[in-house]
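1. what follows is a predicted protein model with its sequence.
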Amino acid sequence: MSATTVESVEKRPALTSLSEEEIMFQSSFREFAEGEVRPRVKDMEKAGKLDPELIKQCFEIGLMAIETPEDYGGAGSSFFNAILAIEELARVDASTAVFVDVQNTLVTNAFIRWANEGQKKKYLPQLAESKVGAYALSEAASGSDAFALKTRAVEKGDHFELTGQKLWITNGNEAEIFVLFATVDPDAGYKGITAFIVEKEFEGFTVGEKEDKLGIRASSTTELILDACKVPKENVLGDIGKGYKVSIETLNEGRIGIAAQMIGISQGAFEAALNYSSEREQFGRSINTFQGLQFQLAEMAVEIEAARLLTYNAARLKDEGKPFLKEAAICKLYASRVAEKVSSMAIEIFGGYGYVKDYPVEKFWRDSKIGAIYEGTSNMQLLTIAKMITK
Ligand SMILES: Cc1cc2nc3c(=O)[nH]c(=O)nc-3n(C[C@H](O)[C@H](O)[C@H](O)COP(=O)(O)OP(=O)(O)OC[C@H]3O[C@@H](n4cnc5c(N)ncnc54)[C@H](O)[C@@H]3O)c2cc1C
């Protein structure tokens, strides 16, 4: 295999055919990622914070409300296009990608699916225009066993009083609107779980400490504290006691978003390794002329292609209204493994330079690790897949 053939692997379009419209969206997402995100990545990583100007731009170009119907101020586009956006952003910066991912695949998604007309009219335009959303399910003692959550909602006349603490909440520092889960009846188990729309300004609500993380460092991950937080009754999202459905169904879709984030990371790491290998010389020749290294690049390309096809397939099934639960779990599990593997191989292709922060690949590797943890750990995905194939 010649070096030229290796390069053409990267340039070859994904095997899944994209429509003209999807290619157009993909190109505009890439242009934004290259033009606006890339120049800020190093500073945001160092600061552990997304640039507020970049956040503003995400709203301005419609990235924060991709699926939101135009009547509510959104782009009225498909879930598949949201997936393309997340992938393109993660190819450059996984923190920006998860910021956009949570807004689209979890928060807005929950509103589109579960909110009543009044809630849609009130909140969707805000989420499309300028307000960041967050999705608050996890607590210190309930992660995989999410429905063991302890945050309590007590009915008090015209409002609920919420008391408890949420942990690990993505976009916690930037968000103004939270889809937050609490139980109205701890004895009822999962049937007590209820979804609430909580605004940052509500009495009794505070954002706590931000986590100091291994990867996705510019993405804020915070604690939320609810101290008799007053939430109006009209802010119950879906029905009382049906929060488990809101949560399961949004997370099923969210997982495809995480898979997209992981293929973006893989692609970014792969391209960096491919470029570096054509520039670096050892033994008097470019290292990408060694077949051993070409095989590593080919291995990476194959894995990315496989993960991408699994992810695109799950997204298309979702858009077509077909069952996609197993496919979502498979693509998240596989794409997160691929991201770790490919970014690790990229570090090795960079040699010593791969191990230092002057080059991009160590960040891709650190950013990849979260794919096996959030929105259901890899074991939880295996559990879902096992249940589906043995039932
Ligand atoms: C950076 C970051 C961002 C996050 N963002 C959000 C967010 O925006 N909103 C939100 O609600 N949450 C968020 N989370 C929380 C995340 O979803 C949880 O961390 C995740 O679900 C795992 O829960 P846990 O950390 O409590 O691990 P645990 O559930 O304690 O799991 C520990 C280990 O035990 C394994 N395990 C547990 N139960 C089983 C079982 N039955 N069978 C086999 N293995 C099992 C797990 O696979 C894992 O390996 C975030 C987490 C991080 C780190």
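-> Done, it's in. Residues are numbered from 1 along each chain as shown.
2. who in the stretch 151-300 of the chain is up against the ligand?
-> Within the stretch 151-300 of the chain, the positions near the ligand by C-beta under 6 Å from any ligand atom are 168-170, 213, 221. To be clear about C-beta, it is placed using only N, CA and C from the backbone, and glycine gets the same treatment.
3. show me where this structure has its helices.
-> 3-11, 20-32, 41-47, 52-60, 79-90, 94-101, 109-114, 117-129, 243-279, 291-319, 325-350, 361-368, 378-390 (DSSP state H).
4. quick one: which of those is nearest F205?
-> Checking the helices of the chain against F205 by C-beta to C-beta gives helix 117-129 as the closest, at 16.0 Å.
5. does anything pack onto the closest one? Which helices or strands?
-> Helix 117-129 is packed against helix 109-114, strand 175-183, with contacts defined by 3 or more C-beta pairs under 8 Å, 6 or more residues apart in numbering; DSSP states H and E.
6. among the residues of the stretch 151-300 of the chain next to the ligand, which are in strands?
-> Within those, residues falling in strands by DSSP state E are 168-170, 221.
7. read off the pLDDT value for the residue lying closest to G204 once chain neighbours are set aside.
-> The shortest distance from G204 to any non-neighbouring residue, by C-beta to C-beta, 6 or more residues apart in numbering, is to C229 (3.5 Å). pLDDT recorded at C229 is 98.
8. quick one: contacts for C229?
-> Listed by C-beta atoms under 8 Å, 6 or more residues apart in numbering, the contact partners of C229 are 161-163, 198, 202-205.
9. if we go to 6 Å?
-> By C-beta atoms under 6 Å, 6 or more residues apart in numbering, C229 lies in contact with 162, 202, 204-205.
10. list phi and psi for the residue of the stretch 51-200 of the chain found nearest the ligand.
-> Of all residues in the stretch 51-200 of the chain, G143 sits closest to the ligand, at 1.8 Å by C-beta to the nearest ligand atom. The phi and psi values for G143, taken as degrees, to the nearest 10, are phi -120, psi -90.
11. tally of neighbours for it?
-> G143: 18 surrounding residues under other C-beta atoms under 10 Å.
12. go on, S220?
-> Neighbours of S220 using other C-beta under 10 Å come to 24.
13. per-residue pLDDT, the closest residue to it other than its chain neighbours?
-> Distance criterion C-beta to C-beta, 6+ apart; nearest residue to S220, sequence neighbours excluded, is N173 at 3.7 Å. Here, the pLDDT recorded for N173 equals 98.
14. how many residues are close by N173?
-> 17.
15. relative to S278, how far out is it?
-> 40 Å (C-beta to C-beta, to the nearest Å).
16. of all the helices of the chain, which lies closest to E209?
-> helix 41-47 (16.9 Å).
17. who touches that closest one?
-> Against helix 41-47 from outside (C-beta under 6 Å, 6+ apart): 50-51, 93, 217-218.
18. now flag whichever of the ones in strands among the residues of the stretch 151-300 of the chain next to the ligand is closest to V356.
-> Proximity of these to V356 (C-beta to C-beta) peaks at T221, which lies at 25.2 Å.
19. show the contacting residues for the closest one.
-> Per C-beta under 6 Å, 6+ apart, neighbours of T221: 168, 170, 211.
20. skipping adjacent residues, who's closest to the first one in space?
-> Computed as C-beta to C-beta, 6+ apart, the closest residue to W168 that is not its neighbour in sequence is S138, at 4.8 Å.
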